[in-house]
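Peer 1: Sequence plus predicted model, see below.
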Amino acid sequence: GEDVEQSLFLSVREGDSSVINCTYTDSSSTYLYWYKQEPGAGLQLLTYIFSNMDMKQDQRLTVLLNKKDKHLSLRIADTQTGDSAIYFCAENGSGGYQKVTFGTGTKLQVIP
Amino acid sequence: EAQVTQNPRYLITVTGKKLTVTCSQNMNHEYMSWYRQDPGLGLRQIYYSMNVEVTDKGDVPEGYKVSRKEKRNFPLILESPSPNQTSLYFCASSSQATNEKLFFGSGTQLSVL
């Protein structure tokens, strides 16, 4: 079945860039997503990328997709303390949007 | 306000005592889903529903039931809860019109003693 992997923890200093990495196994994904989970809350979609794109930029967020290596990354420029959260990578694979598979989540800690 | 509402937020129960976690969305979404979140395992899909009276198993359906009698509601039923079902549960909904986006509830933290 589909598998999505992420490192569990990342710590950065406020103002630095954060890069969260993800690898996935299903090459038939149409969409790849990044969700953010703040403490005590549900997940919220941060951004997503179509599988035929290499890069997507949205304000401080840059998503890079290497389809050959099945590697997805999320870069947050000028990281702020409000960016502290758990970030989930996800892909919809061959099951369509109803079968989204999530990674384990990366907890981002921003040090003031 | 567009939202997915889950109740209760916190629930402590004992092994074998049937419980229901409710989920309701006000966005007329046809698709709804339940996930459980466990440390180090991310989110795993329990059941999903493509529309009224249409439900299907996700990756970890054992010990759970669902129903979809109305479009807005998708309750999760634990007929005989066990301690390994202690987890954080999320309901989510989506629509083909916005098929890139899942809307999540705030979560239900369940402890089974």
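Peer 2: Structure's in. What do you need? Residues are numbered from 1 along each chain as shown, chains lettered A, B, ... in the order given.
Peer 1: all contacts plus neighbour counts: C-alpha atoms, from now on.
Peer 2: Noted.
Peer 1: In chain B, which residue is most central in space?
Peer 2: Nearest residue to the geometric centre of chain B (C-alpha atoms, centre = their mean): residue B:34, 3.0 Å.
Peer 1: The nearest residue to residue B:14 once chain neighbours are set aside - how many residues pack around it?
Peer 2: Once flanking residues are discounted, residue B:14 sits nearest to residue B:113: 4.7 Å by C-alpha to C-alpha, 6 or more residues apart in numbering or on different chains. By other C-alpha atoms under 10 Å in any protein chain shown, the residues close to residue B:113 number 14.
Peer 1: what stretches of the chain score poorly on pLDDT?
Peer 2: Unless you meant another one, I'm taking chain A. Scanning chain A for pLDDT under 70 picks out the ranges A:1-2, A:94-98.
Peer 1: try again with chain B
Peer 2: Those would be B:97-100, if you go by pLDDT under 70 across chain B.
Peer 1: Any residues of it in contact with chain A? List them.
Peer 2: B:31, B:39-45, B:48, B:50, B:58, B:90, B:99-107 (C-alpha under 8 Å from any C-alpha of the partner chain).
Peer 1: Who is residue A:12 paired with across the strands?
Peer 2: Per DSSP bridges, the residues bridged to residue A:12 are residue A:110.
Peer 1: Now for it: which residues touch it?
Peer 2: By C-alpha atoms under 8 Å, 6 or more residues apart in numbering or on different chains, the contact set of residue A:12 is A:18, A:79, A:108, A:109, A:110, A:111.
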